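Visitor: okay, structure incoming, though there's no sequence with it:
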């Protein structure tokens, strides 16, 4: 089934069974159906595998949705081979018993989002958010979870003291702030830099560089057990793509221009420098104990789960490289 047709079916909540993965002869491309939640600049290494898959012996059929909640629901419904979303999806799946899945890697190793308020507002810190509306990507997303964690730190109840509204894509979040639809919200690059330099917003809580596995790759345990070599090939290709994004600026710009054709080269180069320094480090695709424990602390701090509800890393993560 063509993946774009699946998107229409997802909206109608009427899915067909995803075709099973088939073994292929050595040398032919490995095919994967990938679901990604809220794509942004940090997605470029995986999009490199999609746009230039023949260079990595891969064929990726890609479906991008807004918000981890919706994307996780599609994956939980039995669709896609790989889910790219925040680690909160993995914790939530395990706690609810929805999907028996494993994390096999990580691309985005920083929280990425930052909380901002419009310069027209009087909001200077998260403590000023009581009674205010905050734009997030979607319910159940990592942006939702991070907002809950941040307001709870300053003594606010996210269910009573604030109102969160789902605005979808990062472009929509930017527009919602620019057009005063919401006085506060969350943004990621390149829209964060655009919004601050144009004096649309001020940052009131900077999470961007905070160590956190905010885009992990998840696969069903049964698929991993049945075709481990195939998923190992994917992770090997991703590690290679990360290395090329870091070391080969010509390749990195080729990928960036493919995805962001209307952004000037100078801005793309600046964003690539930032991504290498902050978003993708150490650029090996591996989940570490530090990342996992940081995620556990933030997740528990958000009030979503208790520490006892989150399994140790060894039960949820399989580093294939």
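Guide: Yep, that arrived. All of these numbers come straight from a predicted model, not from anything done at the bench.
Visitor: let me see the ranges of the strands in the stretch 151-300 of the chain.
Guide: 163-166, 184-187, 201-205, 211-220 (DSSP state E, counting those that start in this stretch).
Visitor: of all those, which gets the most neighbours per residue?
Guide: Most buried of the strands of the stretch 151-300 of the chain by mean neighbour count (mean count of other Cβ atoms under 10 Å) is strand 184-187; its value is a mean of 27. Just so you know, the C-beta spots here come from the backbone N, C-alpha and C atoms, and that holds for glycine as well.
Visitor: how about residues contacting it?
Guide: By Cβ atoms under 8 Å, 6 or more residues apart in numbering, the surrounding residues in contact with strand 184-187 are 113-118, 121, 123, 129, 132-137, 143, 146-147, 167, 170, 173-174, 176-177, 195, 201, 204.
Visitor: which of those are buried?
Guide: Neighbour counting by 16 or more other Cβ atoms under 10 Å classes 113-118, 121, 123, 129, 132, 134-137, 143, 146-147, 167, 170, 173-174, 176-177, 195, 201, 204 among those as buried.
Visitor: identify the bridge partners of residue 116.
Guide: Counting by DSSP bridges, residue 116 forms beta bridges with residue 185, residue 203.
Visitor: select the longest helix from the chain.
Guide: In the chain, with assignment by DSSP state H, the single longest helix is helix 228-247.
Visitor: does anything pack onto that one? Which helices or strands?
Guide: strand 30-37, helix 44-51, strand 58-65, strand 101-110, strand 211-220, helix 249-259 (3 or more Cβ pairs under 8 Å, 6 or more residues apart in numbering; DSSP states H and E).
Visitor: if you set the cut-off to 7 Å instead, what comes out?
Guide: When contacts are defined as 3 or more Cβ pairs under 7 Å, 6 or more residues apart in numbering; DSSP states H and E, helix 228-247 packs onto strand 30-37, helix 44-51, strand 101-110.
Visitor: include distance to residue 81 and mean pLDDT when you put the ones you listed into CSV, please.
Guide: Listed next are those as CSV, based on distance: least, Cβ to Cβ, whole Å; pLDDT from 0 to 100:
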stretch, distance to residue 81, mean pLDDT
strand 30-37, 5, 94
helix 44-51, 13, 93
strand 101-110, 11, 96
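Visitor: tell me the phi and psi of residue 82?
Guide: Residue 82 adopts backbone torsions of phi -130, psi 130, taken as degrees, to the nearest 10.
Visitor: OK, contacts around it?
Guide: 32, 34, 217, 219 (Cβ atoms under 7 Å, 6 or more residues apart in numbering).
Visitor: give me the mean pLDDT for stretch 151-167.
Guide: Throughout stretch 151-167, pLDDT has a mean value of 96.
Visitor: actually stretch 245-259, not the one I typed
Guide: For stretch 245-259, mean pLDDT is 96.
Visitor: buried stuff in it?
Guide: So stretch 245-259, judged by 16+ other Cβ under 10 Å, has buried residues 245, 246, 251, 252, 255, 256, 259.
Visitor: that one: how far from the chain's middle?
Guide: 20 Å (Cα atoms, centre = their mean, to the nearest Å).
Visitor: what's in contact with it?
Guide: Here stretch 245-259 has contacts from 44, 45, 47, 48, 51, 244, 265, 268, 272, 276, 283, using Cβ under 7 Å, 6+ apart.
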